[in-house]
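**Student:** I would like the atomic coordinates for the input below:
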Amino acid sequence: MGSTTIRQQFLIFLLFTFSTMHAQENTPIITGIMNDTLFQTEWYTQWNDAKDYKANPDVLKKLSELPTGSIHFMVYLGTWCDDSRKHVPVFLDLARQLNWKYSLIGVNREKECPLDKKACKSWDILYLPTIVVLRDGVELGRMVETPKASVEQDILDILGR
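**Tutor:** Residues are numbered from 1 along each chain as shown. All right, here's what the predicted structure looks like:
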């Protein structure tokens with residue numbers, strides 16, 4: 001009886017693993033510099049896992065009061081990456097509301113930049129998404145993979161340094 005249960009559990013594990021891998025293989029990997037038109041398509045509607053996210057209004061107010069004219073965000077993401085699906089849409093909503101300047105760079109599964117493979121290595125892009133916050137080209141900080149508090153709070157903490 002015990003060995004049947006173990007076999008059944010192992011079979012369920014294998015089926016789940018195969019299904020997960022197969023689903024990820026069917027996800028389009030979009031690489032390179034992306035523009036906003038991609039994020040206004042039906043693909044984005046399906047890809048966006050943050051449709052119901054509501055940013056903290058107090059943090060939004062504080063962010064809106066900060067001078068960001070010299071700020072630029074470099075957003076490295078993977079279209080195949082679950083964390084990118086959760087956090088990049090939140091960032092995009094904030095950026096649009098607050099008129100931030102940003103660049104979106106899609107990378108492959110090896111976290112390589114398609115145009116310049118050394119660029120991701122020089123920026124130390126190891127986990128996705130990575131949002132690098134720059135002031136006049138100098139890095140102030142970054143949010144890597146999952147926010148410590150929330151996307152908006154983490155960015156406020158970086159900009160407040």
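**Student:** Burial check on the residue nearest to residue 55 when sequence neighbours are not counted, number of neighbours?
**Tutor:** In this structure, residue 55 finds its nearest non-sequential neighbour in residue 152, 4.9 Å apart by Cβ to Cβ, 6 or more residues apart in numbering. In short, each C-beta sits where N, CA and C put it, glycine included. Residue 152 has 24 neighbours, counted by other Cβ atoms under 10 Å.
**Student:** Tell me the secondary structure at residue 152.
**Tutor:** Taken by DSSP: H, G, I helix; E, B strand; the rest coil, the conformation at residue 152 corresponds to helix.
**Student:** what sits against it?
**Tutor:** 55, 56, 59, 60, 63, 90, 94 (Cβ atoms under 8 Å, 6 or more residues apart in numbering).
**Student:** One more pass at 10 Å, please.
**Tutor:** Residue 152 sits next to 53, 55-60, 62-63, 90-91, 93-94, 97-98 when contact means Cβ atoms under 10 Å, 6 or more residues apart in numbering.
**Student:** Okay, the residue nearest to residue 85 when sequence neighbours are not counted and residue 135: tell me how far apart.
**Tutor:** Distances taken as Cβ to Cβ, 6+ apart place residue 49 nearest to residue 85, at 4.1 Å, with adjacent residues excluded. Taking Cβ to Cβ, to the nearest Å as the measure, residue 49 and residue 135 are separated by 30 Å.
**Student:** Any idea how far stretch 33-40 is from the middle of the chain?
**Tutor:** On the basis of Cα atoms, centre = their mean, to the nearest Å, stretch 33-40 sits 14 Å off its chain's mean C-alpha point.
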